[in-house]
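# sequence and predicted structure below; questions after.
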Amino acid sequence: MKHILLKHLINFILLALGAVCTALVIWLDVAVFNDGVQEISATEFLQEVILLTISALFFLQAKKHPALRAGMILIGGFFSCMLIRELDALFDLIHYGSWVYFASLFAVYCIAWACISPKTSLRGLSAFLAHPACHYMVCGLVLILVFSRVFGMNIIWRAVMQGEYVRTVKNIVEEGTELMGYLLCLGSALAFRQRSEPLKTL
């Protein structure tokens, strides 16, 4: 019982630290760097580092566990495509919107792995879905892909600020929510990597 309580307390503290970190990075961008959380900012850089780390963690799992390989590659590939999307400003130097082509090529590569090895795809995906860490990943993705997009809509913030609309406020809300979501996904990936119990697979 004490072990369970301690585990949940540690989880709470780590999540709280993640929330503080999110607020601190946003503050640095606005108050110290004065960049208004633009494409090149501490917030964006941290998001990209987190995505790179998540991708690497799942690709390492693919290498470590051949029986789960294609499933781990699918998850790692998904976050790699998200990373490419976050780096759109860099890819725009090649051609505007070219990130789509790079992300598509990488997605095709990962899906091809899944098609070639359907058993390890199912085993890998089911192993992650059966792990408690998956819940953090789902919450993080909802924040990133849904809540940040909906809550960051211009129409909402123009109505809130009316004639005093400031885009930086919208950016803070949207990018801050995304960063917290990415931290949840990172915590999920780390928890899955450090699991001590046997993997549950199909």
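Yes, it's here.
# hey, where'd the helices end up in the chain?
2-27, 42-64, 69-86, 88-91, 99-116, 118-129, 133-142, 148-151, 154-161, 167-193 (DSSP state H).
# same list (the ones you listed) but as a markdown table, adding distance to Asn34, mean pLDDT and mean neighbour count.
For every residue, glycine as well, the C-beta is placed using N, CA and C. As requested, the helices of the chain are exported to a markdown table (distance: least, C-beta to C-beta, whole Å; pLDDT from 0 to 100; neighbours: other C-beta atoms under 10 Å):
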| stretch | distance to Asn34 | mean pLDDT | mean neighbour count |
| --- | --- | --- | --- |
| helix 2-27 | 12 | 86 | 12 |
| helix 42-64 | 12 | 94 | 18 |
| helix 69-86 | 22 | 95 | 23 |
| helix 88-91 | 19 | 83 | 15 |
| helix 99-116 | 27 | 93 | 15 |
| helix 118-129 | 41 | 93 | 20 |
| helix 133-142 | 29 | 94 | 18 |
| helix 148-151 | 23 | 90 | 14 |
| helix 154-161 | 20 | 84 | 12 |
| helix 167-193 | 10 | 90 | 21 |
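# relative to Phe33, which of these is closest?
helix 42-64 (6.5 Å; C-beta to C-beta).
# so what's the most far-flung residue of the chain relative to its centre up against?
Centroid-distance maximum for the chain: Gly163 at 34.1 Å, with C-alpha atoms, centre = their mean. Remark: with contacts taken as C-beta atoms under 8 Å, 6 or more residues apart in numbering, Gly163 is in contact with nothing.
# on that earlier part again, dump the helices of the chain into JSON lines; add distance to Phe33 as well.
Converted to JSON lines, the helices of the chain look like this (distance: least, C-beta to C-beta, whole Å):
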{"stretch": "helix 2-27", "distance to Phe33": "10"}
{"stretch": "helix 42-64", "distance to Phe33": "6"}
{"stretch": "helix 69-86", "distance to Phe33": "18"}
{"stretch": "helix 88-91", "distance to Phe33": "16"}
{"stretch": "helix 99-116", "distance to Phe33": "24"}
{"stretch": "helix 118-129", "distance to Phe33": "37"}
{"stretch": "helix 133-142", "distance to Phe33": "25"}
{"stretch": "helix 148-151", "distance to Phe33": "21"}
{"stretch": "helix 154-161", "distance to Phe33": "22"}
{"stretch": "helix 167-193", "distance to Phe33": "12"}
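# can you tell me the centre-most residue of this protein?
Judging by C-alpha atoms, centre = their mean, the chain has its centre closest to Tyr182, at 3.5 Å.
# and the gap between the nearest residue to it once chain neighbours are set aside and Ile116?
Spatially, and ignoring its direct neighbours in sequence, Tyr182 is nearest to Ile50 (4.4 Å; C-beta to C-beta, 6 or more residues apart in numbering). Ile50 sits 29 Å away from Ile116, going by C-beta to C-beta, to the nearest Å.
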